[in-house]
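1. any chance you can model this:
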Amino acid sequence: MTEGRKARAVGFNHVALEVGDIDEALAFYGRLLDFELRSKSDTAAFIGLGDQFINFSKGRRQAPDDARHLGLVVDDKEAVRARLEALGVEILPGRFLDFLDPWGNRIEIVGYQNIQFTKAPHVLRGMGLAHLEKSQAALDELAERGMAPD
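-> Residues are numbered from 1 along each chain as shown. This next block holds a predicted model:
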């Protein structure tokens, strides 16, 4: 066992999702979401989420996800629901807005206003989302943890 100080986990820089084809992944997610393409090659693409990103990596090898999932935060959850329905993408049963992408990645869509996760004001401003606000329930949860905004 190593003695001394342990590092503190502070967040996620990125998530990597395995997909069958990079161009198809960009097309699929582009029909659902507005995003910035940071870079792309034959085997990878990086879409920006402000100070974070999703890395699409070519080569899905595992079976479709069941309980394992990515909780993707959006500014308008109901807009994603409408797009999924319009595109004929099956919304999975349950109380959340979950779906499987064409490669079996389970994605849960989460509305920014209703969760504790908070982007710094300067990041929201840079993303053109300075107008987003938290619900009172989310603010109360943050306050309980000593993380209420000033």
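2. C-alpha only now, for contacts and for neighbours.
-> Fine.
3. what about residue 27, how many residues close to it?
-> For residue 27, the neighbour count with other C-alpha atoms under 10 Å is 11.
4. please disregard the earlier target; I meant residue 18.
-> Other residues within reach of residue 18, judged by other C-alpha under 10 Å, total 19.
5. excluding its backbone neighbours, what's nearest the spatially most central residue of the chain?
-> Centroid-nearest residue in the chain, with C-alpha atoms, centre = their mean: residue 72, separated by 2.3 Å. Of all residues not flanking residue 72 in the chain, residue 109 sits nearest, at 5.1 Å (C-alpha to C-alpha, 6 or more residues apart in numbering).
6. surely the one you found and residue 76 touch.
-> No: between residue 109 and residue 76 there is no contact under C-alpha atoms under 8 Å: 9.3 Å.
7. who has more neighbours, those two?
-> Neighbour totals were compared for residue 109 and residue 76, and residue 109 leads with 21 against 15 (other C-alpha under 10 Å).
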